[in-house]
Every structure is written in structure tokens, then in C-alpha cells.
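Undergrad: Structure for this input, please:
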Amino acid sequence: MKKSEANRTAQRTSNRERGFSMIELCVVIGIILIVSATAIFQLGPSLQSARANTAMRQVVEQLRSARELAITNRRWVRVTFPVVVVAGKTEYQVQATIMNSLTTGAGADQVLRSVPIQQPMTFLLPGAPDTPDNFGNAGAITFGGASGGPVGGMMFDANGQLVNGITRLPINGTVFLGTAGHAESVRAVSIMGTTGRIRGWSWNGTIWSQF
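TA: Numbers count the residues shown, from 1 in each chain. All right, here's what the predicted structure looks like:
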């Protein structure tokens, strides 16, 4: 009997020796938290940059799509950049509208696409200079040298040119994107009116680079 009790006592002592103390557990948990916080801190700028690139690509793709629609359908296609509230959240959109009313017998105007850009990106005029295309930076949305664009708006014509909605003359423009307080998020999309050429730009805090 005494031998059995001695064996059980020895086993309990062995189990305690194989376990971790509270101090050891706290140290391990502390190390894990520090490593996790460091990883998150390092990944933050990369995630911000990835979201910025996604938003810029969305603007580029929607503008190119609007241009192709104008050429393919032989119609005027208007492009706008509305800021709307959907389900309590603010969305910054790129919208394409086929202007059927400008073609006899074509019917009513039709909104073709309203695509929200990647959050938390917004249409934002950064503290950066104009892009190398020098199409103007009067505002976050600048076309024909005017913040927000000309009174008549901006449209792609059947030849793929971006023109003033009233004069029908080609205009250049730039859409600036970013998140307030994050220089690594600054992006821009420029459009040359006469050719319909669309370019994406990335700002690194010193210079613009074509994306």
C-alpha cells in the first residue's frame, strides 16, 4: 500500500515537472503578441498600397470600357464620378451612361455601369504635384482644366475621343485617388482627349511612376 502511494506521489511530481508555470505561459503569450503586432505593423503599408492599386485599376478599366462602348455602339458615352451613400456607407463610383438622347430615335439615356472603387480609397487631391501628363490638378476630378470637369460634362465619342459635352471638342483630364493621411496610397488616372489614351500613375512621395 505504501509502495502504491509512493508511486502515485512520484507520478504527480513528474507531471508537475513536465508542465508549464504561469510565468512561462505569460512569457510565451507576450512573445506571440509582440511578433503579431510587428507583422501587422509591417503589413499595413503593403495592404494600403494594394488597395490603392486596386482602386486605380478599377478607374482605368471602367474608363476604357466606356470608351470601347462608345466606339462599338457608335454612341456618346458620358463618364461621371458620383459620390453616393449606399446602405449608410459612402461610395465613390465611376459611372458610364450611354447618351441615346443625342442620337435621333435611339431612345432614352441609359446608365450602363456604376462601379464603386475599393474602400477606403476616395477621390482625393493629394499634396503631390500634377502627373507628368500635366493635364491639371484643379481638383480631385479635373477635366479641361476645371475642377469637376466642364459644365457639359465629359463624354467619349464614336471615335474614342474624350470630349466636352457641350463643345464636343477633345479635353484632357486626371482623376486623383487616395486615403487621407496615407501618402503611399496616392494614385492618379490621366486621359488624353484626342486619342482616348488612359494611364495609371503611382506616387511614392517624391515622383510619379507610370503604373
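Undergrad: secondary structure class for residue 58?
TA: helix (DSSP: H, G, I helix; E, B strand; the rest coil).
Undergrad: Please, where are all the helices along this structure?
TA: 2-18, 22-73 (DSSP state H).
Undergrad: And the residue nearest the centre of the chain, how close does it get to residue 86?
TA: Centroid-nearest residue in the chain: residue 55, 2.1 Å away (criterion: CA atoms, centre = their mean). Residue 55 is 17 Å from residue 86, where distance means CB to CB, to the nearest Å. All C-beta atoms are positioned from the backbone trio N, CA, C, and that covers glycine.
Undergrad: Equivalent analysis for residue 195, please.
TA: In terms of CB to CB, residue 195 sits 34 Å off from residue 86.
Undergrad: Lowest average pLDDT across the helices of the chain?
TA: Lowest mean pLDDT within those: helix 2-18, a mean of 52.
Undergrad: Per-residue pLDDT of the nearest residue to residue 123 once chain neighbours are set aside, please?
TA: Distances taken as CB to CB, 6 or more residues apart in numbering put residue 140 closest to residue 123, at 4.2 Å, once the chain neighbours are dropped. Here, the pLDDT recorded for residue 140 equals 97.
Undergrad: got a list of what the closest residue to residue 166 other than its chain neighbours touches?
TA: Distance criterion CB to CB, 6+ apart; nearest residue to residue 166, sequence neighbours excluded, is residue 152 at 3.2 Å. Neighbouring residues of residue 152 by CB atoms under 8 Å, 6 or more residues apart in numbering: 164-167.
Undergrad: Understood, closing this out.
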